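>>> Could you look at this predicted model? Sequence included:
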Amino acid sequence: MRFVCLLFTVSLFCYVYGMSAMFTIKNNCPYTIWPATLTSRGGSIPTGFELGSKASTTLNAPAGWSGRIWARSTCSNSGGRFQCLAGDCGSGQVACNGAGGTPPVSLIEFTLNGDGNKDYYDLSLVDGFNFPVVVEPQSGGCPTAVCPVDINNHGCPNELAVRDGRGGVIGCKSACFAFNQPQYCCTGQYSTPDTCKPTNYSEIFKRPCPQAYSYAYDDKSSLFTCPAGGNYIVTFCP
């Protein structure tokens, strides 16, 4: 937030304004997807919507917003209940209404107007993968974060694969979600950066997407910042 003061003839008026951001969500996939959001701090934004192939929409995030964006696919509305095979949030509606996506999902995470008056953003595959995605800041000099490879069909092993009813792979689980073991989840005796290290399974995600989080303590190469006040383009299937 910023404080602005205006001096008139006899009085000093001050007001507060925040640096909001506009997210442009693009679907470059050859099929319809259903993007969704989950707010963890700040004012709410739309929590779910349909986006046809090659279509885009904009979301206005208020100053101080923090949350995540992901996409759902292979969705249907059967018996009046909306549900998706990939990324479903369990709301039974297109809007997720405060519910998160069921792993595996490729997450885009934002904190606007964070420490040092910066925006923080990342791509997280800690919960697994379901879409390639790119985050492009529209402010000059800010790094683009990209996971360009469809891991579902390029490297996901059978023990992590989530399939649709026809045998196609629509998601790739993280080892934590698949096996729930401390060395993969960075819990128990592996709960610090010194004890939780990359594994053969986390490398399945890190090699094709080196800018994305592949496990909980993958901060050095996967957390990005940009001066607050800019806008962002999020593209699925870049």
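Looks like it arrived, so ask away. Note that the coordinates shown come from a computational prediction; the quantities given were computed from them, not determined experimentally.
>>> quick one, helices of the protein?
175-179, 182-185, 200-206 (DSSP state H).
>>> I'd like the ones you listed as CSV, with distance to Ala212 appended.
(C-beta placed from N, C-alpha, C; glycine too.) Below are the helices of the chain laid out as CSV (distance: least, Cβ to Cβ, whole Å):
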stretch, distance to Ala212
helix 175-179, 15
helix 182-185, 16
helix 200-206, 7
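>>> Can I get those helices in a markdown table including mean pLDDT, distance to Gly42 and mean neighbour count?
Output for the helices of the chain, formatted as a markdown table (pLDDT from 0 to 100; distance: least, Cβ to Cβ, whole Å; neighbours: other Cβ atoms under 10 Å):
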| stretch | mean pLDDT | distance to Gly42 | mean neighbour count |
| --- | --- | --- | --- |
| helix 175-179 | 97 | 28 | 20 |
| helix 182-185 | 97 | 28 | 18 |
| helix 200-206 | 97 | 29 | 19 |
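>>> Contacts made by stretch 205-212 with the rest, please.
With Cβ atoms under 8 Å, 6 or more residues apart in numbering as the test, stretch 205-212 has contacts from 106, 122-125, 129, 132, 145-149, 151, 154-155, 172, 174, 198, 214, 218, 221-222, 224.
>>> Which among the residues you listed count as buried?
106, 122-125, 129, 132, 145-147, 151, 155, 172, 174, 214, 218, 222, 224 (16 or more other Cβ atoms under 10 Å).
>>> remind me, longest strand of the chain?
Assignment by DSSP state E gives strand 66-78 as the longest strand of the chain.
>>> list the helices and strands it packs on?
Contacts defined by 3 or more Cβ pairs under 8 Å, 6 or more residues apart in numbering; DSSP states H and E place strand 66-78 against strand 21-27, strand 34-41, strand 81-86, strand 107-114.
>>> neighbouring strands for it, and are they parallel or not?
strand 34-41 (antiparallel), strand 81-86 (antiparallel), strand 107-114 (antiparallel) (DSSP bridges).
>>> As CSV, could you dump the C-alpha coordinates of that strand?
Extracted C-alpha coordinates of strand 66-78, given in CSV (Å, rounded to 0.1, in the frame of the first residue of the first chain):
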residue,chain,number,x,y,z
SER,A,66,-2.0,-13.6,-2.3
GLY,A,67,-3.1,-16.9,-3.7
ARG,A,68,-2.8,-19.5,-6.4
ILE,A,69,-4.1,-20.1,-9.9
TRP,A,70,-4.4,-23.5,-11.6
ALA,A,71,-6.4,-25.1,-14.4
ARG,A,72,-8.8,-28.0,-14.6
SER,A,73,-9.5,-30.3,-17.5
THR,A,74,-11.6,-33.2,-18.6
CYS,A,75,-14.7,-31.7,-17.0
SER,A,76,-18.4,-32.5,-17.2
ASN,A,77,-21.7,-31.5,-15.7
SER,A,78,-23.4,-34.8,-14.9
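>>> centre of the chain versus stretch 193-201, how much separation?
Here the centre of stretch 193-201 is set off from its chain's centre by 22 Å, with Cα atoms, centre = their mean, to the nearest Å.
>>> and if you look at stretch 179-196?
Distance, centroid of stretch 179-196 to centroid of chain: 23 Å (Cα atoms, centre = their mean).
>>> What of stretch 160-177?
Relative to the centre of its chain, stretch 160-177 is centred 18 Å away, using Cα atoms, centre = their mean.
>>> That concludes my questions; thank you for your assistance.
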